[in-house]
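Enquirer: here you go, sequence then predicted model.
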There are 2 protein chains.
Amino acid sequence: MTVANAFDPANAAGFAEDEAALIARRQRLLGPAYRLFYAHPVHVVRAEGVWLYGRDGEAYLDAYNNVASVGHGHPHVVAALARQAATLNTHTRYITDGILDYAERLLATMPAAISNIMFTCTGSEANDLALRVAKAATGGTGVIVTENAYHGVTDLLAQMSPSLGPSAPVGPTVRVVAAPSGQADAGAVFARGVSEAIANMAVHGIRPAALLVDTIFSSDGVFADPAGFLAPAVELVRKAGGLFIADEVQPGFGRTGAGMWGFARHGLTPDLVTMGKPMGDGHPMAAMAGRPEHLEAFGRNVRYFNTFGGNPVSCAVGMAVLDVIEAEGLIANASEVGAAFKRELEALAANDGRLGAVRGAGLFLGVDIVDAQGTPDATRAAAIVNGLRERRVLISATGRHGHSLKIRPPMVFSQENVALFMDRLKDTLAGL
Amino acid sequence: MTVANAFDPANAAGFAEDEAALIARRQRLLGPAYRLFYAHPVHVVRAEGVWLYGRDGEAYLDAYNNVASVGHGHPHVVAALARQAATLNTHTRYITDGILDYAERLLATMPAAISNIMFTCTGSEANDLALRVAKAATGGTGVIVTENAYHGVTDLLAQMSPSLGPSAPVGPTVRVVAAPSGQADAGAVFARGVSEAIANMAVHGIRPAALLVDTIFSSDGVFADPAGFLAPAVELVRKAGGLFIADEVQPGFGRTGAGMWGFARHGLTPDLVTMGKPMGDGHPMAAMAGRPEHLEAFGRNVRYFNTFGGNPVSCAVGMAVLDVIEAEGLIANASEVGAAFKRELEALAANDGRLGAVRGAGLFLGVDIVDAQGTPDATRAAAIVNGLRERRVLISATGRHGHSLKIRPPMVFSQENVALFMDRLKDTLAGL
């Protein structure tokens, strides 16, 4: 088991007494499965926009959290949350209006073929549901994922999340393909991997149910280009009887700067779409959307009721998030600021051999960190992540080798924030 | 697939035009997996305390919703939610204080041996996690559940929820035992079923991982008595190497009127405890608590990160719910009002042969509805549920035969509310 950027409690020597006590209290109460970030964990008490604040008012620039997508504590979202919580919060077995207005508005951001939506509380629940639906719709059980995929916390999804390591083994009907190459031939190479996986399933008598991918391949190291590279693989899976599930939990809600959904950059209409993290600016809400014909078998034969999913408070919050994305032009902001951010990183990489490939779309960027021979250097990546943290800029690392910086700020990130980030990054690199 | 009390959209003839339009819009947007309650679904726009309100201000007495446990829209809870959402809402990989204070307070309501807690967003996520932990701790895969159990929405839990019907088949390592008998010999009978399940697992080479039960057996029809009847079965499972997982999603947080947790009535300390629904008075939050020795293997080898689980807003809301339970004496209220409620129902049953056994504890009651021969009568139960709904009192039905009334109001239910309920119930019965 490896978590890039995980704090090791054995290394708490030298911490202030109250800090060490807090960490010990955490371990005592929350147990051994919880991991903190950073060699020196961050203690936060308040947040606003792109800023997290520590106990003494020190400000951390948040260049990592996509959940607080429209900015931490956005007043329009908080007001909607408070108003609706005081008015009505119940389940979907009574008729309420908010869920219908929200469903309609959200589905309007997708291709017309995707016209049904089901609400859950987390991206994990959405992915788990999508797989149940795919199995019911296809009669298959085979699922294809990428080599460092992460799709969620449930027992089923842990079997489709090779990034969890050997203690959470990949399931018997799951096939793992290489992450995208990041090169011009990514489409052909990825399709070849998928083709081999389908052939291998056939050998084992496994019928394909789905190709399940995060459309920006976040945990594989952020692979966005060339736009469209997913299309040939999706065609193969459909030909073999499987569905294409677009896991939009990370790229969704405008982060790529090219429309609301990551799959749009690939010119695709998925069969099922899952979404979560940024959907409620921190409120626990998620969803799965799909084509009615694929929901038919599941809806007819199996029942599904999610106690909190689609409740009036979640729907009011989701509406408010969509309001902010539109009113503040956040997709355009992700596109413009993200492009400038990428250019700055590329310019830096051109002059500093420790920075390798720079990838991404909009405000979702990955930067490979390499050694003098150009090979992945996770130790150096961790040093940069921790160096930035000491300079009060928050990011993390990702990818199979843990050597790719993961930069994924709230979508209200500004050119000024980029300038500050670059200053601190240069300072960090100078100090290594 | 059967859902007790599900609305059939084919029966919308005669509805007002706007109502029929809303229902059609729901089907078009949410698809075929969603089910409304009642022959004539309820449309709600506002709620307060034990009351749900319709579009024209008509008031429905809520005798069903345990999620709004401390009352719909409790101002103390809403204020905590709004305050914390405006201040900070982030994940558990930074140090925050609220989660520690909440974890400590919640764990203090449990036996001392249960000293670790992990936060999720739904009871399903908590049960799914508990099973992953049980498998890691025991090395086993076998799970024992009751014949009409319901434990959640994930792929794994659907395999342990026979109440979902044959389209969601029970998993190959799951064994199903009869629901408790509800008689004085319930302990011996239930233990015999568990013993046979363990023996059957041995035949198949399956090592037991857990006995997983809702400690009030809600979906089986509400079986609370005799207090302590679970103990012999738990002893058998432990002897066979499995853990006892107490699913407190339904009975937890004081509803039984005898302390905070349903397992306490059985004189047991579970190995793992899951909780959800009433935890946040409607806010999506849940948790799994356990003994550190059982979390050890899972925590060391597998990582678990729940994006929204245990965030500062959830913890503030959870704290506020505990405040209200204490300040308003809701456990005592559940005990006193629940006992009076049960007596009233028993008195009615003594004079009306259509009412059979009355079961339950605190404000969680089940009433069997039977025909002239005393056999389960789901049709009559549905008629009573719908008759009450027409009289603006909300309950539902449960159990393997769908013939048990499920009465589970917010814990702020008063003696006056009971009187109103009984009036409406008598009126309903008179009209059948």
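Expert: Thanks, I have it.
Enquirer: grab the nearest non-local neighbour of A:Q159.
Expert: A:G171 (3.3 Å; CB to CB, 6 or more residues apart in numbering or on different chains). C-beta: built from backbone N, CA, C; applies to glycine.
Enquirer: next structured bit after the helix or strand containing A:R25?
Expert: Secondary structure from DSSP states H and E places A:R25 in helix A:17-30. The first helix or strand that comes after helix A:17-30 along the chain, using DSSP H and E, is strand A:46-48.
Enquirer: helices or strands next to the helix holding A:R25 in the packing?
Expert: Packing contacts for helix A:17-30, counted by 3 or more CB pairs under 8 Å, 6 or more residues apart in numbering or on different chains; DSSP states H and E, involve helix B:98-107, strand B:116-120.
Enquirer: quick one: work out the angle between that helix and helix B:98-107.
Expert: 40 degrees (axes from the mean of the first three to the mean of the last three CA atoms, to 10 degrees).
Enquirer: got the angle between helix A:17-30 and strand B:116-120?
Expert: Using the same axes, to 10 degrees: helix A:17-30 against strand B:116-120 is 80 degrees.
Enquirer: which residues sit against helix A:17-30?
Expert: A:9, A:12, A:15, A:34, A:36, A:41, A:43, B:92, B:95, B:97, B:99-100, B:103-104, B:107, B:115-118, B:310 (CB atoms under 8 Å, 6 or more residues apart in numbering or on different chains).
Enquirer: out of those residues, which are buried?
Expert: A:34, A:36, A:41, A:43, B:92, B:95, B:97, B:99-100, B:103, B:107, B:115-118, B:310 (16 or more other CB atoms under 10 Å in any protein chain shown).
Enquirer: which two from these end up farthest apart in space?
Expert: A:H43 and B:S115 (23.1 Å; CB to CB).
Enquirer: looks like A:L394 contacts A:V42 (just checking).
Expert: Yes: with contact defined as CB atoms under 8 Å, A:L394 reaches A:V42; the gap is 7.0 Å.
Enquirer: quickly list what's touching both of the two.
Expert: Common neighbours of A:L394 and A:V42 (CB under 8 Å, 6+ apart) are A:L52, A:Y60.
Enquirer: go through the helices and strands packed on helix A:17-30 and name the closest to A:L81.
Expert: helix B:98-107 (17.0 Å).
Enquirer: show me what the closest one is packed up against.
Expert: helix A:17-30, strand B:116-120, strand B:286-290, helix B:312-327.
Enquirer: which residues touch it?
Expert: A:22, A:25-26, A:29-30, B:84, B:92, B:114-117, B:119, B:287, B:289, B:310, B:312, B:315-316, B:318-319, B:322.
Enquirer: tell me where the model's unsure across chain A.
Expert: A:1-2 (pLDDT under 70).
Enquirer: residues touching the closest residue to chain B within the stretch 201-350 of chain A, list them.
Expert: The stretch 201-350 of chain A approaches chain B most closely through A:G299 (2.8 Å), counting by CB to the nearest CB. With contact set as CB under 8 Å, 6+ apart, A:G299 has these partners: B:G31, B:P32, B:A33, B:Y34.
Enquirer: quick one: contacts for the second one?
Expert: Contacts for B:P32 (CB under 8 Å, 6+ apart) come out as A:P292, A:L295, A:E296, A:F298, A:G299, A:R300.
Enquirer: PyMOL command to pick out the buried ones of the residues you listed?
Expert: Here is the PyMOL command that picks out the buried ones among the contacts of B:P32, judged by 16+ other CB under 10 Å:
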select buried, chain A and resi 295+296+298+299
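Enquirer: which residues in the stretch 201-350 of chain A form helices?
Expert: For the stretch 201-350 of chain A, the helices defined by DSSP state H, counting those that start in this stretch occupy A:231-239, A:292-301, A:312-327, A:330-351.
Enquirer: give me the contacts around the helix or strand following the last one.
Expert: It stands for helix A:330-351. The first helix or strand that comes after helix A:330-351 along the chain, using DSSP H and E, is strand A:355-361. Residues from elsewhere that reach strand A:355-361 (CB under 8 Å, 6+ apart): A:182, A:216, A:221-225, A:251, A:256-258, A:262, A:265, A:338, A:342, A:345-346, A:348-349, A:365-370, A:374, A:407.
Enquirer: try it again with 7 Å
Expert: Strand A:355-361 is contacted from outside by A:182, A:216, A:222-225, A:256-258, A:265, A:338, A:342, A:345-346, A:348-349, A:365-370, A:374, using CB atoms under 7 Å, 6 or more residues apart in numbering or on different chains.
Enquirer: weed out the non-buried ones from the residues you listed.
Expert: The buried subset of the contacts of strand A:355-361 (16+ other CB under 10 Å) comprises A:182, A:216, A:222-224, A:256-258, A:265, A:338, A:342, A:345, A:348-349, A:365-370.
Enquirer: of those residues, which belong to strands?
Expert: Secondary structure assignment by DSSP state E places A:L365, A:G366, A:V367, A:D368, A:I369 of the buried ones among the contacts of strand A:355-361 in strands.
Enquirer: thinking again about what came up before, next, give phi and psi for the residue nearest to A:Q159.
Expert: Per-residue torsions, A:G171: phi -70, psi 160 (degrees, to the nearest 10).
Enquirer: can you give me the neighbour number for it?
Expert: 17 (other CB atoms under 10 Å in any protein chain shown).
Enquirer: please apply the same query to A:G276.
Expert: With other CB under 10 Å as criterion, A:G276 counts 29.
Enquirer: so it touches A:T122, yeah?
Expert: Yes: between A:G276 and A:T122 there is a contact at 5.9 Å, judged by CB atoms under 7 Å.
Enquirer: please enumerate the shared neighbours of these two.
Expert: A:A286.
Enquirer: partner residues bridging A:A286?
Expert: A:T120 (DSSP bridges).
Enquirer: next: A:H43.
Expert: In beta-bridge terms (that is, DSSP bridges), A:H43 pairs with B:I95.
Enquirer: that one: what's it in contact with?
Expert: Here A:H43 is in contact with A:E19, A:L22, A:G54, A:R55, B:Y94, B:I95 (CB under 7 Å, 6+ apart).
Enquirer: the second one: how many residues sit nearby?
Expert: The one in question is A:L22. For A:L22, using other CB under 10 Å, the count is 18.
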